[in-house]
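Peer 1: Can you look at this prediction? I've put the sequence above it.
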Amino acid sequence: MRFRAAIFLALAAGFGVAASSVLGEEIPKSDRWFSVVNVAHPERRGYLHIALAPSGSADAPVRAVYDRPMLYGRERVSMHIEALSLNDEWRSPVRLSMNLLFGEKTTACEIQVARPDPNSAAGTMVRWEEGVSTSSPLKAHAVLRETVLDLVCRRPFDKAQTLDFAEFDVPLRATEDLRLSYAGEEELERSGQKRTLHKFVVTAAGSAGPRETYWLTDGHELVQAQVQNAAVQPASETDARMPVAQFEADQLGEKENARRMAEGVAGCAAIAAALRAQSAQTGAFPTLNAAGGDELPPALQLAPHALDGRNFKPADYAVTSSPAAFTIKAVMGAQSYVADEKGVESGTYRLATGN
């Protein structure tokens, strides 16, 4: 479900936001991929994608996108959340748009957080689902579960500085009081090699042990996490997507999958031709940062509806370019096709279709 920014901005006019909780630090732009595997049931696997960027909205300056498709045998459960939040220690949510897919069933909702008291992070959560709105109290410092992977990378290596928060869980109704703490250095073995890393734990009141564990480098980069019953590790986009992409290809069948992906390949070729034509005229490619197909500049002179297809739409393409290079990506579910200015191809579609 696409982020309905216009609707959210209109709704925001009637809600107070705790402006005093917004920090002055620069809002980072990042794009991170993680492989997720159930420790007890390795066949239950998928990935988590987290993208952060400035939103341009004064009352909610951080925009985050979370994608988490998981395979459970022959069933797929996918979660897509787009969130606008405060730039505070908790990335406190202000507006959310969520889409859940379980098998063939889709659940979509939108959430608006009201914090009328500027001295409190607590407030009210209004949820819209299928045209019906419900309201419920919201605890102070409530965050999405996926946000913790961002929060832990920003915490100091100091046992005295803990972070208390209340965690949202899908479907964003219940919350649980938790604490994020630094536990010191620990030696961790991975791929036959031992490394000394910084360890953080998430605990619940009355819990006998940590519910979640995170290991970071000196540079605050995540190396590994144990989140409840799942092992989470940083991965390249291709490696992270691969299990779900292969599942999707198997569901379609090799020929049908190849036919659908061919449309995305053709769309990338059309964009590449337009980029090269502009470079021939001006001497350089345009500077673009993950621009969707519907955001490409008019100077590229793509034919109207050139990227509108049966299986791919303009928003399914992303173009990143500098004066001397470009990368174009087409995405269909977890499957991707990537091409650069040299004609080098990559992504998950090749293994999935047997090409």
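Peer 2: Nice, I can see it.
Peer 1: Give me the average confidence score over the longest strand anywhere in the chain.
Peer 2: Taking DSSP state E as the criterion, the chain has its longest strand at strand 175-190. The average pLDDT for strand 175-190 rounds to 90.
Peer 1: Show me the strands paired with that strand, marking each as parallel or antiparallel.
Peer 2: strand 163-168 (antiparallel), strand 193-204 (antiparallel) (DSSP bridges).
Peer 1: and these as a markdown table, adding mean neighbour count, mean pLDDT and distance to residue 102?
Peer 2: The C-beta positions use only the backbone N, C-alpha and C, and glycine is treated the same way. As requested, the strands paired with strand 175-190 are exported to a markdown table (neighbours: other CB atoms under 10 Å; pLDDT from 0 to 100; distance: least, CB to CB, whole Å):
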| stretch | mean neighbour count | mean pLDDT | distance to residue 102 |
| --- | --- | --- | --- |
| strand 163-168 | 20 | 88 | 18 |
| strand 193-204 | 16 | 94 | 26 |
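Peer 1: Dump the ones you listed to CSV, plus distance to residue 317.
Peer 2: Formatted as CSV, the strands paired with strand 175-190 follow (distance: least, CB to CB, whole Å):
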stretch, distance to residue 317
strand 163-168, 31
strand 193-204, 37
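Peer 1: Could you look up the next helix or strand downstream of the helix or strand containing residue 273?
Peer 2: Residue 273 belongs to helix 254-282 when assigned by DSSP states H and E. Next in sequence after helix 254-282, counting helices and strands by DSSP H and E, comes strand 288-292.
Peer 1: can you pull the buried residues of that next one?
Peer 2: 288, 291 (16 or more other CB atoms under 10 Å).
Peer 1: Please enumerate residues in contact with it?
Peer 2: With contacts defined as CB atoms under 8 Å, 6 or more residues apart in numbering, strand 288-292 is touched by 31, 296-297, 314-315, 317-321, 326.
Peer 1: hmm, 7 Å instead?
Peer 2: 314-315, 317-321 (CB atoms under 7 Å, 6 or more residues apart in numbering).
Peer 1: Tabulate those residues (a markdown table), appending distance to residue 194.
Peer 2: Shown next, in a markdown table, are the contacts of strand 288-292 (distance: CB to CB, whole Å):
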| residue | distance to residue 194 |
| --- | --- |
| 314 | 48 |
| 315 | 45 |
| 317 | 43 |
| 318 | 38 |
| 319 | 42 |
| 320 | 37 |
| 321 | 42 |
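Peer 1: Just checking the distance from stretch 138-152 to the centre of its chain.
Peer 2: When distances are taken as CA atoms, centre = their mean, to the nearest Å, stretch 138-152 is centred 14 Å away from the chain's centroid.
Peer 1: re the thing from before, ok, the contacts of strand 288-292 vs residue 191, which is closest?
Peer 2: The shortest approach to residue 191 among the contacts of strand 288-292 belongs to residue 320, at 30.6 Å (CB to CB).
Peer 1: That closest one: how many residues sit nearby?
Peer 2: By other CB atoms under 10 Å, 15 other residues sit near residue 320.
Peer 1: Tell me who's in contact with it.
Peer 2: Residues near residue 320 by CB under 7 Å, 6+ apart: 288-290, 326-327.
Peer 1: Tabulate those (TSV), appending pLDDT and distance to residue 240.
Peer 2: What follows is the contacts of residue 320, written out as TSV (pLDDT from 0 to 100; distance: CB to CB, whole Å):
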residue	pLDDT	distance to residue 240
288	94	24
289	89	21
290	88	17
326	97	23
327	97	17
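Peer 1: Can you show me the strands along the stretch 1-150 of the chain?
Peer 2: Residue ranges of the strands in the stretch 1-150 of the chain, as given by DSSP state E, counting those that start in this stretch, are 30-38, 45-54, 62-72, 75-85, 93-102, 105-114, 123-129, 132-138, 142-144.
Peer 1: Against which helices or strands is the shortest one packed?
Peer 2: Using 3 or more CB pairs under 7 Å, 6 or more residues apart in numbering; DSSP states H and E as the contact test, the elements touching strand 142-144 are strand 163-168.
Peer 1: In which helix or strand does residue 151 reside?
Peer 2: Residue 151 belongs to helix 148-151, assigned by DSSP H and E.
Peer 1: for the record, mean pLDDT for that helix?
Peer 2: Averaged across helix 148-151, pLDDT comes to 90.
Peer 1: With stretch 252-263 instead?
Peer 2: 91.
Peer 1: For residue 278, give its distance to residue 298.
Peer 2: When distance is defined by CB to CB, to the nearest Å, residue 278 is 11 Å away from residue 298.
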